[in-house]
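Enquirer: Sharing a model prediction with you, sequence too.
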Amino acid sequence: MSKPLEHAVLSVKKWGGVPEDYLPIHDFMDSSKAHVADMRHRAILHSSFGCYLAEQVFGHEIIINESTDSSGTAYGVSVRDIAEQHIIQDLGFIPSVQQYLDHMEMADWMGGKKKKKFTIQLKGTVAPDGCGGDPVLPDPPPARDVTGGEKWTIDRMGKSVPYFID
């Protein structure tokens, strides 16, 4: 199936009403075509997650006002059912997001911003990039009294840090 209106006509056959009752939901389900103009657009909303999103956008049900059931009153149709039927008409089943991701190759940019590597040089010692361990750093200077039992020292990364003596 290729067009939202065709889906809406089938929804009318299944639940009653007029195509315009269902068209906003089917337009939403196929809205990714505006950004990916081939069948891959389905990876965005044609899944169990897409059904959930449709429900979040349109509510749990739509009220069919143009047609009535046998008692002559308006009735509701589940948005999730409409979205699920759309996907089944297109794919034959409702895939999970995981099923789409299982077939997607990872690209470097998906990992986020890359961290810069740099070399630390202290007293002529070089820590090579990717050395797998801590660089060889000089021992910190001995602790010295400042006031009232509080002592300061230089940790192995060159920062002054306080510690206290009981």
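Expert: Thanks, I have the structure now.
Enquirer: ok, how many other residues are close to residue 75?
Expert: 16 (other Cβ atoms under 10 Å). Backbone N, C-alpha and C define where each C-beta goes, glycine included.
Enquirer: close enough to count as contact, it and residue 65?
Expert: No. The pair residue 75 / residue 65 is not scored as a contact, 9.4 Å apart, by Cβ atoms under 8 Å.
Enquirer: Can you show me the helices along the protein?
Expert: 4-15, 19-29, 42-45, 48-58, 79-91, 97-101 (DSSP state H).
Enquirer: May I ask which helix or strand of this structure has the lowest mean pLDDT?
Expert: strand 125-126 (a mean of 52; mean pLDDT, DSSP states H and E).
Enquirer: Would you map out the domains in this protein?
Expert: Listed by automatic domain parsing, the domain ranges of the chain are 4-103, 137-166.
Enquirer: Can you tell me which of these is packed in deepest?
Expert: Among these, the stretch with the highest mean neighbour count (mean count of other Cβ atoms under 10 Å) is domain 4-103, at a mean of 16.
Enquirer: same question for it, mean pLDDT?
Expert: The pLDDT scores in domain 4-103 average 92.
Enquirer: what about that domain, start to end distance?
Expert: The straight-line separation of the ends of domain 4-103 (Cα to Cα, to the nearest Å) is 26 Å.
Enquirer: Over to stretch 37-53?
Expert: 21 Å.
Enquirer: what comes into contact with it?
Expert: 28-33, 35-36, 54, 80, 83-84, 86-87, 90-91, 94-97, 99-100, 104 (Cβ atoms under 8 Å, 6 or more residues apart in numbering).
Enquirer: Now with 6 Å, please.
Expert: With Cβ atoms under 6 Å, 6 or more residues apart in numbering as the test, stretch 37-53 has contacts from 29, 32-33, 80, 83-84, 87, 94-97, 100.
Enquirer: Stretch 75-86 now?
Expert: In contact with stretch 75-86 (Cβ under 6 Å, 6+ apart) are residues 7, 11, 15, 25-26, 29, 51, 54-55, 58, 61-64, 69, 94.
Enquirer: related to what we said a few turns ago, Throw the domains of the chain into a markdown table and include distance to residue 109, thanks.
Expert: Below are those laid out as a markdown table (distance: least, Cβ to Cβ, whole Å):
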| stretch | distance to residue 109 |
| --- | --- |
| domain 4-103 | 16 |
| domain 137-166 | 31 |
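Enquirer: how deep is residue 104 tucked in, by neighbour count?
Expert: 10.
Enquirer: I appreciate the help and will end here.
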